[in-house]
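Trainee: Need a 3D model of the following:
(one chain, ligands or ions: 1)
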Amino acid sequence: MTSPNTAKQIANVMNETRVFPPSAEFSSRAAIGSTDAYQALYDESIADPEKFWDGQAKSHLHWFEPYTQCLEWSEPFAKWFVGGKTNVSYNCLDAHVRAGRGDRVAFFWEGEPGDKRTITYAQLLEDVSRFAAALDRLGIRKGDRVSIYMPMVPELPVAMLACARIGAIHSVIFGGFSAEAIADRNNDAQAKLIITSDGGWRRGKVLHLKQTVDEALAKSPSVQHCVVLQRVNNNSPMTDGRDVWWHDLVSKESSNFPAVPLDSEDSLFILYTSGSTGKPKGIRHTMGGYNLYAKRTFQWVFDYRDEDIFWCTADCGWITGHSYIVYGPLSAGATQVLYEGAPNWPEEDRFWDIIERYKVSILYTAPTAIRAFIKWGDHHVDKHDLSSLRLLGSVGEGINPEAWMWYYEKIGGGRCPIVDTWWQTETGGIMMSPLPGAIACKPGSCTRPMPGIVPRILHSDLTDVGTNEGGMLCIEKPWPGMLRGIWGDDQRYQEAYWSKVPHMYLTGDNSRRDEDGYYWIMGRIDDVINVSGHRLSTIEIESALVSHPSVAEAAAVGRPDEIKGQGIAVFVTLKNHEPSDAMRDELKKHVRKEIGALAVPDEVRFTTALPKTRSGKIMRRLLRDIAAGKESAQDTSTLEDFSVLAKLRSDEES
Ligand code: WT7
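Mentor: Residues are numbered from 1 along each chain as shown. I've put the predicted structure just below:
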């Protein structure tokens, strides 16, 4: 292992052979400070996982009533801490206040326009209790589903925790989704209530969230009430009998609403994510196992100490926000920064400004953001003192070595380890990542598994791959944070994750393991593309396009994108319209309306036919090459109509 500090060595990093060990100082202060300590913990955890997790659960969660069995595994259905009673909001709030830590800051919140609030654990507990009481008064009961569609204001975690307090199941819908997408999710979950706000701030403009919710509610018959937080004062119209202002609701409630003891396997939340079919999957997580896994992985990976200020820049609408803004850090009693808006408002230095002002010591962000910062230029970084940082994290997609190096040198000043965390909505928490004081980093590798996690890489014939051979990444043993199913669809759960490879959880990612036992993620196996760290299914985008009256057929593929990782290219055949720029814009608008801004294609290409196999399957691999501007070297022997390919290439600028 060598130290990284010369240009020559950086060049070597591009070949992904360089290793960046933590400094002796970092390791000496870390909870897990050596490779041996990691290995000992890992070995113990997999020698007897139930014993290991039993010990973890007993010392890290509050149990109103003890569980009688650590794990009940009836493949593929897991129950952790069976019979135990706990409450996630108690573990996140009451536990700290009772331990005399109520004055600790939970959130330093900053709105995009610059408004600020500091919220202690004691205040957060009061806010959550009041809102839990309000939910109860609205008739929300344990097991009821509650949709949440809000900007990144403190009331978003408050709403989530209030649901958790009474056992209502929240379904947070990212604020960038369209009315159609909200209605789909409301209907799939049969949500009884939706919580929103009149609007939120993004790049200096107001997003009128309530207006979008009104449209969605016209198609969401199960929703009886809509709670509206006043954030932007845009005079949102309120529907009598259905809509109620947040402030009116809580003004009647007391702040004393005790946490209800709930079953460890009661559902905590549903979070919708894309799979390889058109219909989003409602990934279901439960109380005890998820809470424990989010808390412990937060502590292991971020090596959190009392004096740290943690900032995860994700939105609570994604799993990263659930696990590493709300449930993990709050269970661990962490102090965090929470920011509402865009990274380039009012200037491209907003993140660095925030880090400097709040003395953020741990930053957790996404490769797509890092690539944007690189493009915006170093001068934005140079204006600020980032010496408070001691640890950096990356999430959502693989980080390319150039971006890794820039993050390491420019943001981390060459002194901060980078935890490249690989995980999924389904896994509940981080599955692989360096433990920063123990495992040396290699740019682009998520390195080693968490305690209790046993990865396995297989060829498609189910034999194990050799060193540095790519294959399907699977997980061998159940773990507490794993999804418990897909909402309302056990069969799809079984098929998507437990059928192709017997007796293992199929992640849907390809991976290889190198000679040091480090894991490298090599992209998806299925028809899912990763745009800015968010999963989108190609079929979802295609269904949206085909729902337009002029479209006969459509194929969506990912193409390389400098900032977003992958962009979206779509190939469209029209019914009886001539291709035009106006039609191109109309189709983009249509996808925005059907799914949301994040799914809008970067490129729309019109074609008279799509390349297909003899059995009629669209040959996406060919389209991917065309979208990337590559000559296809792929086998075209099953292509139905060779002329289609030539046509697509010559149509390039049509
Ligand atoms: C998919 C999961 C992880 C929470 C946010 C996204 C890709 C995620 C990494 C990484 C390479 C990564 C995978 C995974 N992915 N992190 N560190 N290196 N790829 O959650 O929307 O459920 O997406 O994101 O393909 O399967 P998600």
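Trainee: Strands of the stretch 301-450 of the chain, start to end?
Mentor: Secondary structure of the stretch 301-450 of the chain (DSSP state E, counting those that start in this stretch): strands at 309-312, 335-339, 362-365, 391-395, 418-421.
Trainee: can you list these in CSV and add mean pLDDT and mean neighbour count?
Mentor: All C-beta spots, glycine's among them, are computed from the backbone N, C-alpha and C. Listed next are the strands of the stretch 301-450 of the chain as CSV, based on pLDDT from 0 to 100; neighbours: other C-beta atoms under 10 Å:
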stretch, mean pLDDT, mean neighbour count
strand 309-312, 98, 24
strand 335-339, 98, 22
strand 362-365, 98, 26
strand 391-395, 98, 25
strand 418-421, 98, 24
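Trainee: Out of those strands, which is closest to residue 254?
Mentor: Closest of the strands of the stretch 301-450 of the chain to residue 254 is strand 335-339, at 25.8 Å (criterion: C-beta to C-beta).
Trainee: which helices and strands does that closest one pack with?
Mentor: Judged by 3 or more C-beta pairs under 8 Å, 6 or more residues apart in numbering; DSSP states H and E, strand 335-339 is in contact with strand 105-110, strand 309-312, helix 350-358.
Trainee: which residues are in contact with the first one?
Mentor: Residues outside strand 105-110 that contact it (C-beta atoms under 8 Å, 6 or more residues apart in numbering) are 116-121, 123-124, 153-154, 157, 309, 330, 334-340, 354, 358.
Trainee: Which of those residues are buried? Put it as a ChimeraX command.
Mentor: Of the contacts of strand 105-110, the buried ones can be selected in ChimeraX as follows, counting by 16 or more other C-beta atoms under 10 Å:
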select :119,120,121,123,124,153,154,157,309,330,334,335,336,337,338,339,340,354,358
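Trainee: interface residues of the stretch 301-450 of the chain facing the ligand?
Mentor: 318-320, 395-398, 420-425, 446 (C-beta under 6 Å from any ligand atom).
Trainee: filter those to the buried ones?
Mentor: Using 16+ other C-beta under 10 Å as the threshold, 318-320, 395-398, 420-425, 446 are the buried ones among those.
Trainee: circling back: out of the helices and strands packed on strand 335-339, which gets nearest to residue 502?
Mentor: Closest among those, once you apply C-beta to C-beta, is strand 309-312, at 36.3 Å.
Trainee: can I get the helices and strands packed on strand 335-339 in JSON lines with distance to residue 96?
Mentor: Below are these laid out as JSON lines (distance: least, C-beta to C-beta, whole Å):
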{"stretch": "strand 105-110", "distance to residue 96": "8"}
{"stretch": "strand 309-312", "distance to residue 96": "15"}
{"stretch": "helix 350-358", "distance to residue 96": "20"}
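Trainee: hang on, the earlier thing: keep only those of the buried ones among the residues of the stretch 301-450 of the chain next to the ligand that are in helices.
Mentor: Using DSSP state H, the members of these that fall in helices are 319, 320.
Trainee: Which one of the buried ones among the residues of the stretch 301-450 of the chain next to the ligand is nearest to residue 538?
Mentor: residue 397 (16.3 Å).
Trainee: one step back: of all the buried ones among the residues of the stretch 301-450 of the chain next to the ligand, which comes closest to residue 277?
Mentor: Using C-beta to C-beta, those come closest to residue 277 at residue 425, 15.5 Å.
Trainee: give the contact list for that closest one.
Mentor: Contacts of residue 425 (C-beta under 8 Å, 6+ apart): 271, 273, 283, 318, 319, 483, 535.
Trainee: repeat that for 7 Å
Mentor: With contacts defined as C-beta atoms under 7 Å, 6 or more residues apart in numbering, the neighbours of residue 425 are 271, 273, 283, 319.
Trainee: Repeat that for residue 362.
Mentor: 302, 308, 310, 311, 390, 391.
Trainee: What separation is there between the closest residue to residue 447 other than its chain neighbours and the ligand?
Mentor: Take residue 447 and drop its neighbours on the chain: the residue closest to it by C-beta to C-beta, 6 or more residues apart in numbering is residue 434, 4.4 Å away. Residue 434 sits 11 Å away from the ligand, going by C-beta to the nearest ligand atom, to the nearest Å.
Trainee: burial of residue 434, as a residue count?
Mentor: 25 (other C-beta atoms under 10 Å).
Trainee: give the contact list for it.
Mentor: Here residue 434 is in contact with 417, 419, 441, 447, 448 (C-beta under 7 Å, 6+ apart).
Trainee: Same question for residue 95.
Mentor: Per C-beta under 7 Å, 6+ apart, neighbours of residue 95: residue 62.
Trainee: ok, it to the ligand distance?
Mentor: Residue 95 is 26 Å from the ligand, by C-beta to the nearest ligand atom.
Trainee: Report the secondary structure state of that residue.
Mentor: helix (DSSP: H, G, I helix; E, B strand; the rest coil).
Trainee: Quick check: residue 535 is in a helix.
Mentor: No: counting by three-state DSSP, residue 535 is not found in a helix; it is strand.
Trainee: Chain neighbours aside, what residue packs nearest to it?
Mentor: For residue 535, ignoring the flanking residues on the chain, the nearest one in space by C-beta to C-beta, 6+ apart is residue 274 at 4.5 Å.
Trainee: And the strands in the stretch 151-300 of the chain?
Mentor: 169-172, 193-197, 200-202, 205-207, 225-229, 243-245, 262-263, 267-273, 281-286.
Trainee: Now tell me what touches the first one from outside.
Mentor: It stands for strand 169-172. 143-148, 160, 163, 185, 189, 191, 267-271, 316-317.
Trainee: switch the cut-off to 6 Å
Mentor: Residues from elsewhere that reach strand 169-172 (C-beta atoms under 6 Å, 6 or more residues apart in numbering): 145, 146, 147, 148, 160, 163, 189, 267, 269, 270, 316, 317.
Trainee: what does the longest one give?
Mentor: Strand 267-273 is contacted from outside by 88, 164, 169-171, 185, 189, 280-287, 290, 319, 425, 487, 535, using C-beta under 6 Å, 6+ apart.
Trainee: pLDDT on that strand, on average?
Mentor: Strand 267-273 shows a mean pLDDT of 98.
Trainee: Name the residues linked to residue 458 by a beta bridge.
Mentor: residue 464, residue 472 (DSSP bridges).
Trainee: Count residues in the vicinity of the closest residue to residue 80 other than its chain neighbours, would you?
Mentor: The spatial neighbour of residue 80 that comes closest, neighbours along the chain excluded (C-beta to C-beta, 6+ apart), is residue 289 at 3.5 Å. Residue 289 is flanked by 27 other residues according to other C-beta under 10 Å.
Trainee: Am I right that residue 544 is in contact with residue 594?
Mentor: Yes: applying C-beta atoms under 6 Å as the test, residue 544 and residue 594 come out as touching, 3.8 Å apart.
Trainee: Of the two, which one has the most company?
Mentor: residue 544 (28 against 20).
Trainee: buried set for the helix or strand that that one is a member of?
Mentor: Taking DSSP states H and E as the definition, residue 544 sits inside helix 538-546. Residues 538, 539, 540, 541, 542, 543, 544, 545 are the ones in helix 538-546 that count as buried (16+ other C-beta under 10 Å).
Trainee: Packing partners of that helix?
Mentor: The contact analysis (3 or more C-beta pairs under 6 Å, 6 or more residues apart in numbering; DSSP states H and E) places helix 538-546 against strand 551-561.
Trainee: ok, so what distance separates the spatially closest residue to residue 403 that is not a sequence neighbour from residue 179?
Mentor: Of all residues not flanking residue 403 in the chain, residue 370 sits nearest, at 4.8 Å (C-beta to C-beta, 6+ apart). Separation of residue 370 from residue 179 (C-beta to C-beta, to the nearest Å) stands at 32 Å.
Trainee: Kindly report the same for residue 253.
Mentor: 30 Å.
Trainee: neighbour-wise, which of these two wins?
Mentor: residue 179 (21 against 17).
Trainee: Check the contact between that one and residue 217; I expect there is one.
Mentor: No: at 8.7 Å, residue 179 does not count as touching residue 217 under the criterion of C-beta under 6 Å.
Trainee: Identify the residues contacting residue 603.
Mentor: residue 569.
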